[in-house]
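>>> Here's a sequence, model it:
(chains A, B and C)
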Amino acid sequence: MPELPEVETIVRSLRSGGMTGDSILTRQISSVECFNSKTLVFEGSAEQCSELLRGSHFLSADRRAKYIRLRTESHWILIHLRMSGDLRCEADSGELLPHDRLVFHFSDGMRLVFNDVRKFGRVWVTDDPEAVLAGLGIEPLSEDFTAEWLTAHLAGQHRVIKSILLDQSLIAGIGNIYADESLFDAGIHPKRPACSLTEAECEKLRNSIRKTLEHAIEQNGSSFDWAYKGGHFQNEFRVYQRKGEPCPVCGTPIEKIVVGQRGTHFCPHCQK
DNA sequence: CCTGAAACCTGTCTGC
DNA sequence: TGCAGACAGGTTTCAG
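Okay, the predicted model is just below:
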């Protein structure tokens, strides 16, 4: 599922083209079509949105947490892929695919398509992106995310560490896969109360989170089942979706439990 | 205030 | 084989 590494990979391909399609930068929007009313978040109708953006160009593409940010001369398009969203830039000819929810048509015969099987994804068109992004926590790959920062922010937290890692208002961008993989790498049990982590464990966890995310980005993120194509990190999962398989470190069978309503994989020997 | 659980969705897997 | 039900997952919203 799209988490920080997958979103980063998609943003990079939107920006520079390659692998999954062409660059969207400098292309001019000629119209916008929306096929699912809940997908577009905009003060007005889809037709008004299309009219508003007609003639605008995509000037930049970047990422904040799991959000994709596209800037035009006058507005921001914010996209959250949630569970099953995907984007592709392609020639604006031929049939659309099942589950295509929203299309930006370009004046040069290309199009940017938002596909989303489960309809959880959202596309915001706004002139005030901070209203959507307010409340997001620190970027785990930023310079500010230090061992000291993590130690200080876990201090008063009585919730279990796995839930903390998934809390976007604290650390923004980690999802279920990378929470499990990071905790395994750090040797920390997912149900440990966050405030019980020692300073040394906080530093280890901080390093494991960065290492795991950076490695996943190098692999273009994770792909599995029918969701999200092009990544390779799923071949390097050490605990995620490996219930019953031997721990790559000690050989103990990986266990799966539920923590904060989320499936959670860990090694009962390596993660105390 | 904080925590937990339901709701939102639909394709796929599991069990009877 | 067929079908009902469980499950997955990120976030918001509601309940306790």
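>>> Can you name the residues of chain A that neighbour DNA strand B?
A:38, A:83, A:98-99, A:117-120, A:157-159, A:163, A:225-226, A:260-261 (C-beta under 7 Å from any atom of the strand). In short, each C-beta sits where N, CA and C put it, glycine included.
>>> farthest-separated two in the residues you listed?
Of all pairs drawn from the residues of chain A next to DNA strand B, the greatest distance, 45.0 Å, lies between A:98 and A:158 (C-beta to C-beta).
>>> ok so, going back, could you tell me which of the residues of chain A next to DNA strand B count as buried?
For the residues of chain A next to DNA strand B, a burial check counting by 16 or more other C-beta atoms under 10 Å picks out A:99, A:119, A:157, A:163.
>>> can you map out the strands along the stretch 1-150 of chain A?
Under the criterion DSSP state E, counting those that start in this stretch, the stretch 1-150 of chain A contains strands at A:29-34, A:40-41, A:60-64, A:67-71, A:76-80, A:85-91, A:100-106, A:110-116, A:122-126.
>>> er, the stretch 151-272 of chain A I mean
So, for the stretch 151-272 of chain A - with DSSP E, counting those that start in this stretch - the strands run A:255-259, A:262-266.
>>> in the last one, what counts as buried?
Under the neighbour-count criterion of 16+ other C-beta under 10 Å, strand A:262-266 has A:264, A:265, A:266 buried.
>>> Give me the spatial nearest neighbour of residue A:3, chain neighbours excluded.
The shortest distance from residue A:3 to any residue other than its chain neighbours is 3.5 Å, reached at residue A:175 (C-beta to C-beta, 6 or more residues apart in numbering).
>>> again with residue A:179
residue A:165 is the one closest to residue A:179 (C-beta to C-beta, 6+ apart), at 4.2 Å.
>>> pretty sure that neighbour is in contact with residue A:181, am I right?
No: using C-beta atoms under 8 Å, residue A:165 is not in contact with residue A:181; the gap is 10.5 Å.
>>> Flag the shaky bits of the stretch 151-272 of chain A, pLDDT-wise.
Along the stretch 151-272 of chain A, the parts satisfying pLDDT under 70 run over A:224-229.
>>> Export the strands of the stretch 1-150 of chain A to TSV and append columns for mean pLDDT.
Output for the strands of the stretch 1-150 of chain A, formatted as TSV (pLDDT from 0 to 100):
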stretch	mean pLDDT
strand A:29-34	96
strand A:40-41	93
strand A:60-64	94
strand A:67-71	95
strand A:76-80	94
strand A:85-91	91
strand A:100-106	95
strand A:110-116	94
strand A:122-126	94
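>>> returning to what we had before: closest one of the buried ones among the residues of chain A next to DNA strand B to residue A:17?
residue A:99 (23.6 Å).
>>> ok, now which ones touch the closest one?
Counting by C-beta atoms under 8 Å, 6 or more residues apart in numbering, residue A:99 touches A:115, A:116, A:117.
>>> Give me the subset of the residues of chain A next to DNA strand B lying in helices.
Residues of these located in helices (DSSP state H): residue A:163.
>>> buried set for the lengthiest helix in chain A?
Longest helix in chain A by number of residues (criterion: DSSP H): helix A:199-218. For helix A:199-218, burial by neighbour count (16+ other C-beta under 10 Å) applies to A:201, A:202, A:203, A:204, A:205, A:206, A:208, A:209, A:212, A:213, A:216, A:217.
>>> And residue A:197, how close does it get to DNA strand B?
15 Å (C-beta to the nearest atom of the strand, to the nearest Å).
>>> Identify the residues contacting the closest residue to that residue other than its chain neighbours.
In this structure, residue A:197 finds its nearest non-sequential neighbour in residue A:154, 5.7 Å apart by C-beta to C-beta, 6+ apart. Residues near residue A:154 by C-beta under 8 Å, 6+ apart: A:161, A:164, A:194, A:195, A:197, A:202.
>>> which among those end up buried?
A:161, A:164, A:194, A:197, A:202.
>>> isn't the third one right up against residue A:159?
Yes: if you go by C-beta under 8 Å, residue A:194 and residue A:159 touch, sitting 5.9 Å apart.
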